[in-house]
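K.L.:
Return atomic coordinates for the entry below.
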Amino acid sequence: MSKNISGRFAWHELWTLDSAASTGFYTHIFPWSAQLWDKESGYALFMGKNGPAAGCHKLGNDSDGQGIRPRWNTYISAADVDAMVPQAQALGASVVVPPMDIPRVGRFAMLADPQGAVFGLLYRNEPAAAPQMPPPAGAVVWNELLTSDAEAAFKFYSALFGWEVMTRIDMGPKGAYLVFGADGAQMGGMMAAPVPGGPLWLPYTEVDSADALVASATKAGATLCLGPQTVPGGGRIANFLDPQGVMFAVHSMPAANASAATPEAVKPAAKRSRTARPPAKKSVTVKAKRKSARRPAAGSAAKKKKRVKSPARKSARKPSKRKAVPARRAKRVKRAAAKKPAKRAASKRASAGAKRRGRRGKRR
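P.N.:
Prediction:
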């Protein structure tokens, strides 16, 4: 559960002169259903998949005379509503609805910032559930202030809630789009933009496709004011006026497979998937078995290979002793061969002398 931390966006509520028509329109274009919350006031809840997504309050017939017009209202969490109202007044805000209790809910007040944008302060008796991430369709995901002076407006809200500038986006002649947040997380934006009826807070509701919702919303009686167009980060947005003239906006995240929307983009993607696809687990195990089958055993096969290769390697590294033995023998053979002719000549001379001696003896 999220705590009542000042400066967090806590609730969004539609003020309308025709609650039946408004609930019928928004439950048609958003994944919402309408549920009556209080019979006496006619207050209804827009129910999303994960519980209440927003509220719908029917204005009285004299509301226009009091300066209260149909609009989407944004409530910001306050740890102490009664203490924060005079702080806002000291910074230039004016009180629209003084602090009062909401039965079974908590306490609230309505203020107008120095530029005239109306917003609410809300303290809940029971903290609301933490927002789901990523946000589902039907959840409010962005809060945008359309005002006459974005820099002056930011100074007011920063002093009241501690918001900080996250970035400024150059919009050319329209000036800068100021993105604000807290604790390193973006929460919304502010920009100078002329709006019929004066400055206002505009909540953005998440949808599956902003482009597809344009068709369904305009068919249901809405007027398209802006978009659909791409914003930094790749999302798509569109702004409308509902059939009662209340401005609302939608946002959709970029599709993960947006490049595969056309047939030309599908074919290369299919080719890439074949080459880049990792091998299945089964094929990996088969290959591993084949490799293990090719490996030599730790016994005789490995030894045979070593016996074949080791003499060549040893001979290349060190001179073999066996080669020196035949060399010595060759020398001895040469020496013996050189001595043989002399021995033969001596033996011949000896045999010739013996023959001569023999002949002499016979003569005698």
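K.L.:
Make sure Val231 is actually in contact with Ile237.
P.N.:
Yes: at 5.5 Å, Val231 and Ile237 qualify as touching, with contact defined as C-beta atoms under 8 Å. Just so you know, the C-beta spots here come from the backbone N, C-alpha and C atoms, and that holds for glycine as well.
K.L.:
Need the residues touching each of these two.
P.N.:
His251 (C-beta atoms under 8 Å, 6 or more residues apart in numbering).
K.L.:
Tell me where the stretch 101-250 of the chain has helices.
P.N.:
150-161, 210-219 (DSSP state H, counting those that start in this stretch).
K.L.:
CA atoms of the shortest one as CSV?
P.N.:
What that stands for is helix 210-219. Only the C-alpha atoms of helix 210-219 are listed here, as CSV (Å, rounded to 0.1, in the frame of the first residue of the first chain):
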residue,chain,number,x,y,z
ALA,A,210,-4.2,5.7,-29.4
ASP,A,211,-4.7,5.5,-33.1
ALA,A,212,-7.4,2.9,-32.8
LEU,A,213,-9.1,4.9,-30.0
VAL,A,214,-9.4,8.0,-32.3
ALA,A,215,-11.9,6.1,-34.5
SER,A,216,-14.0,4.8,-31.6
ALA,A,217,-14.0,8.1,-29.7
THR,A,218,-14.9,10.3,-32.7
LYS,A,219,-17.6,7.8,-33.6
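K.L.:
shift numbering so it begins at 12
P.N.:
Done: numbering now begins at 12, and the last item shifts to helix 221-230.
K.L.:
Who are the packing partners of it?
P.N.:
If you count contacts as 3 or more C-beta pairs under 8 Å, 6 or more residues apart in numbering; DSSP states H and E, helix 221-230 packs onto helix 30-40, strand 234-241, strand 247-252, strand 258-263.
K.L.:
Quick one, which of the helices of the stretch 112-261 of the chain gets closest to Pro210.
P.N.:
helix 161-172 (7.7 Å; C-beta to C-beta).
K.L.:
And the closest one, what's buried?
P.N.:
161, 164-165, 167-169, 171-172 (16 or more other C-beta atoms under 10 Å).
K.L.:
Need these in CSV (columns: distance to Leu237).
P.N.:
Formatted as CSV, these follow (distance: C-beta to C-beta, whole Å):
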residue, distance to Leu237
Ala161, 17
Ala164, 20
Phe165, 22
Phe167, 25
Tyr168, 23
Ser169, 27
Leu171, 29
Phe172, 27
